[in-house]
Structure formats: C-alpha cells, structure tokens
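1. sequence and predicted structure are below.
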Amino acid sequence: MGCMRYLSEAHLRGFERYKYSSIDTSFLSVYVMHPFWNYCVKFVPKWLAPNVLTFVGFLMTVVNFILIAYYDWGFEAANSETGNTVPAWVWTLAAINILIYYNLDGMDGKQARRTGTSGPLGELFDHGLDSYSAALIPIYLFSLFGTHDLPPIRMFFVIWNVFLNFYLTHVEKYNTGVMFLPWGYDFTMWGVSGMLFLATVFGPEMYRFSINGFTVANMFEFVLIGSGMVSSHPIIARNIYLSYKNKTGKMRPMWEMLRPFFSFVWLFVITVVWSFFSRNDVINKEPRILWILYGTIFSNIACRLIVAQMSDTRCDAFNVLMWPLAATVGVCCFPYYQQVFDTDLPSDTERWILYGLTIFSTLAHWHYGYGVVSEMCDHFHIRCFKVRKSSSQSGSDITQPLLQNNNKIKPLKSH
C-alpha cells in the first residue's frame, strides 16, 4: 500500500493477543444450523481457505444487488398495475443466493478451525464484509414493495434500523470483549430467503396486499424495527451493564464506552439532513445510489470499530469519509441559493455530485479494506485466500464443541 498504513503498532500488537469468543443462545442456530454446518464443512476441501468461503458468500449478495437493480433500478417495478415486472427467476436466484451466503457465513469459521488458520484476519474479513451486506440485502428487498407502498424516506429508516442492529452487536463486543451472537440474524436470513421464494411461487403482487390500509410493507417495517427493539437492544444494554457490574468487560470510562456511537450518530444526522432537505429531492430521484453511499460509509465506520475492538485499541470518534459527505450535504442543502446566486442548484448537478461522492467513498473504503488485510497478512506471514500446507495438516477435523455453563449454550466459534 505504499507509504499509507492503516494499522499502527498498537493495532498489530493487539491482534497478536486477540482471542475470539462468542456466546450463541439462539435455538435455531445451536440446535439446527450449527449441526448442519458441522456436517457440511466436512465436504469442503482442506486446501480451500475459509476466507474464500466468506468472499464467495458475499459475492452472492452482490450478484443479487446487481441483478435486481438491472430489472428495477428505481424500485418502481412493483408499482405497475399489471404486476411486478421483475422476472420470476430473479427472485428464485436471489433466494438461493441468500441461503448460500448465510450457510457459507456459518461454515467459514469451522473451516478455519479444520485448516488450522483461525485468527483475527478471518473474523475481520467476515464481519467487515457482513457490514457491507447489511446495506445491500435490504436495498434489493425494497423491490418487492415498490415506492408506492414503501416510499424511499421510509426505506431510509428501515436501512438505518439494520445498520443499528449490526453496529450495536460490535459496540457490545467493544465493551464486553465477547460477541453475543444475535438471535435475529438466523431468523432474518431465513425470513429474507422465504420472502424471495414466495415472490417466485405466488408472484410479488402478494406483497401489495392490505387490510384497512395496513399493508404488507407496513408489517415488514413493524416486524423488522420492533424485533430489534424487543429481542436485541435491551439484551445488548443488559450485557454491557452486567460486564461493568461483574467487572468482566473492558471497564472503560463512560465517555470511552460511548465513543463508538459518535461516528455512527454523526453519520445518521448528516444523512437525515440530506434525505429531508435536499434541494432536488434526491432521496426520491436517486434512492439506490444514496443507499449505496450511506451503506459504504457505514461499512467503513463498522470496519474501523471492528479493528479497534479486536486489537483492544481506542475507536475513532469521527470517520474521515464524513468530511466530504458533510461538505456535499452543505452544498446540496444550502437554503439560500436564490438569494445569493439568483438561481437554484440544478437537479443534474446534485445527481452528479452524488455519483461522484459515491464512487470516491467506495474506492476509499475498498482501499482501506485492502490495506488492512494486506498489512495483517504481512504481519502474520499468511495469505488471505490460501491455506499454508503446514496449517492444513495441523488442522482438526472436529469442529469446536458447545460449552455448557450455567444453562447457557456457548459455542465458541473460531475464525
């Protein structure tokens, strides 16, 4: 990466000390999915690096995004009176790809243990790509509902709810040192796949159904947002509280405990301003590009938090990509164009500014990801997508057992 380095010596020393631990109490995950993944991973060749599984799974979400965007760029296919114009086979393929992504995501850590390649790089690679998928998956689900039943401004808050659920899990780990795997993840993956399969069988028109004005889109929002508030957020708050009470966590001062939220809240505020006060209503004219931009910057914030919690270093309070975003929002939402310039901001100008910023932020985020992975590979003398022969020979065929403690099921999944 030339003279630009993203990891300090403190980061690298922290990675050397890092040990991954997680607690999973989800009935579906522990009693159904983990045994299934333990069985399936035995058929994966030992020469195949676990990061290959992770990356292939991520590519499935990218394929879905590109394919559905091709047929429904503006989320308007479902608005047609004659029915959704996206071909049925697209929904089928998207459902299959989601299941591939989900199962490869569950198998990569087990493959790392089999091949003796468990380490911080695998976890960072896995969760870093997951942070991008957190934006991509809800974006193409919106094509099931269309802008009539789920306007872009409501899509905005649905996406931010997904961001929040993902981010809180890593804030929790930043303060407790333990990854408490959320119950909602497994059910969400099966739910998303099920929704896409149903669109194949019965047609996406089924999602236009309503009772007294309460639509399926309303139910989708209610379930998605409500489930996080009930099954995730209170549990995360309780786990952090108990880590302080029992002195089992990082025991950071109050402001340091809250520090991960600074970048997250800043991003939320800036994106709210642009979404509501754009001079040209950009959220309704270019929602897909706007979500990509927001998701890319969110992923960068999440990745930097993951690096900080894994290396036990201080997380960033402000993300560098928000400087150009804030400047852009200032230009695109400036309220006095008529008074100062005797003209308004042209719609095409704001559109091209959005496109340019999205390309810049995406390239910057990719550069960060590539740089961090390269620096970790150099430090640990490993290859990201290759298993060293000595590692594959020393790996165990037995996946890590479930540990029972105080009636809590704790599969400690290595990456």
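-> Okay, I see it. Numbers count the residues shown, from 1 in each chain.

2. tell me what the strand or helix carrying Y244 is packed against?
-> Assigned by DSSP states H and E, Y244 belongs to helix 233-245. In terms of contacts (3 or more Cβ pairs under 8 Å, 6 or more residues apart in numbering; DSSP states H and E), helix 233-245 is packed against helix 152-176, strand 179-180. From N, CA and C alone the C-beta is placed, and that goes for glycine too.

3. can you rerun that using 6 Å?
-> Under the contact criterion of 3 or more Cβ pairs under 6 Å, 6 or more residues apart in numbering; DSSP states H and E, helix 233-245 touches helix 152-176.

4. one step back: pull the CA atoms of the helix holding Y244 into CSV?
-> C-alpha atoms of helix 233-245 as CSV (Å, rounded to 0.1, in the frame of the first residue of the first chain):
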residue,chain,number,x,y,z
HIS,A,233,-31.4,-3.7,22.1
PRO,A,234,-32.4,-4.5,25.7
ILE,A,235,-30.3,-7.6,25.8
ILE,A,236,-27.2,-5.7,24.5
ALA,A,237,-27.7,-3.0,27.1
ARG,A,238,-28.1,-5.6,29.8
ASN,A,239,-24.9,-7.5,28.7
ILE,A,240,-22.9,-4.3,28.8
TYR,A,241,-24.3,-3.4,32.2
LEU,A,242,-23.5,-6.8,33.6
SER,A,243,-20.0,-6.6,32.3
TYR,A,244,-19.5,-3.5,34.4
LYS,A,245,-21.3,-4.8,37.4
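
5. quick check: angle from that helix to helix 152-176?
-> Helix 233-245 and helix 152-176 are oriented at 20 degrees to each other (axes from the mean of the first three to the mean of the last three Cα atoms, to 10 degrees).

6. give me the buried positions along helix 233-245.
-> I235, I236, N239, I240, S243, Y244 (16 or more other Cβ atoms under 10 Å).

7. dump those to TSV, plus pLDDT and distance to K250.
-> Shown next, in TSV, are the buried residues of helix 233-245 (pLDDT from 0 to 100; distance: Cβ to Cβ, whole Å):
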residue	pLDDT	distance to K250
I235	92	18
I236	94	15
N239	95	13
I240	96	10
S243	95	8
Y244	95	9
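
8. got those residues as a markdown table, with distance to V62 columns?
-> Output for those, formatted as a markdown table (distance: Cβ to Cβ, whole Å):
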| residue | distance to V62 |
| --- | --- |
| I235 | 31 |
| I236 | 29 |
| N239 | 32 |
| I240 | 33 |
| S243 | 36 |
| Y244 | 40 |
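
9. apart from its chain neighbours, what residue comes closest to P204?
-> N84 (3.9 Å; Cβ to Cβ, 6 or more residues apart in numbering).

10. so that neighbour, which state does it fall into?
-> Following DSSP: H, G, I helix; E, B strand; the rest coil, N84 is assigned to coil.

11. isn't it right up against F75?
-> No. With contact defined as Cβ atoms under 6 Å, N84 does not reach F75; the gap is 10.9 Å.

12. pull out the buried residues from the helix ranked longest in the chain.
-> Criterion DSSP state H: the longest helix present in the chain is helix 347-380. If you call a residue buried by 16+ other Cβ under 10 Å, then helix 347-380 has these buried ones: 350-351, 353-354, 357-358, 360-362, 364-365, 368-369, 371-373, 375-376, 379.

13. pLDDT of it, averaged?
-> Across helix 347-380, pLDDT averages out at 97.

14. alpha carbons only: can I get the strand or helix carrying E256 in PDB?
-> Using DSSP H and E, E256 falls within helix 254-258. Extracted as PDB, the C-alpha positions of helix 254-258 are listed here (Å, rounded to 0.1, in the frame of the first residue of the first chain):
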ATOM      1  CA  MET A 254     -18.400   6.300  30.400                       C
ATOM      2  CA  TRP A 255     -17.300   8.500  27.500                       C
ATOM      3  CA  GLU A 256     -15.000   5.800  26.200                       C
ATOM      4  CA  MET A 257     -17.800   3.300  26.400                       C
ATOM      5  CA  LEU A 258     -20.000   5.600  24.300                       C
END
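
15. other residues contacting it?
-> Residues outside helix 254-258 that contact it (Cβ atoms under 6 Å, 6 or more residues apart in numbering) are N175.

16. and that helix, what's buried?
-> Buried, per 16+ other Cβ under 10 Å, within helix 254-258: M257.

17. could you export the helix or strand following that helix as PDB, CA atoms only?
-> Per DSSP H and E, the first helix or strand lying C-terminal to helix 254-258 is helix 260-277. Taking Å, rounded to 0.1, in the frame of the first residue of the first chain, the C-alpha atoms of helix 260-277 are listed here in PDB:
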ATOM      1  CA  PRO A 260     -18.200   4.100  19.100                       C
ATOM      2  CA  PHE A 261     -21.600   6.000  18.900                       C
ATOM      3  CA  PHE A 262     -20.000   9.300  17.900                       C
ATOM      4  CA  SER A 263     -19.200   8.400  14.300                       C
ATOM      5  CA  PHE A 264     -22.500   6.500  14.000                       C
ATOM      6  CA  VAL A 265     -24.600   9.300  15.200                       C
ATOM      7  CA  TRP A 266     -22.800  11.900  13.100                       C
ATOM      8  CA  LEU A 267     -23.500   9.800  10.000                       C
ATOM      9  CA  PHE A 268     -27.100   9.400  10.900                       C
ATOM     10  CA  VAL A 269     -27.600  13.200  11.400                       C
ATOM     11  CA  ILE A 270     -25.800  14.100   8.200                       C
ATOM     12  CA  THR A 271     -27.800  11.600   6.200                       C
ATOM     13  CA  VAL A 272     -31.100  12.700   7.700                       C
ATOM     14  CA  VAL A 273     -30.300  16.300   6.700                       C
ATOM     15  CA  TRP A 274     -29.600  15.300   3.100                       C
ATOM     16  CA  SER A 275     -32.500  13.000   2.800                       C
ATOM     17  CA  PHE A 276     -35.000  15.500   4.200                       C
ATOM     18  CA  PHE A 277     -33.600  18.800   2.900                       C
END
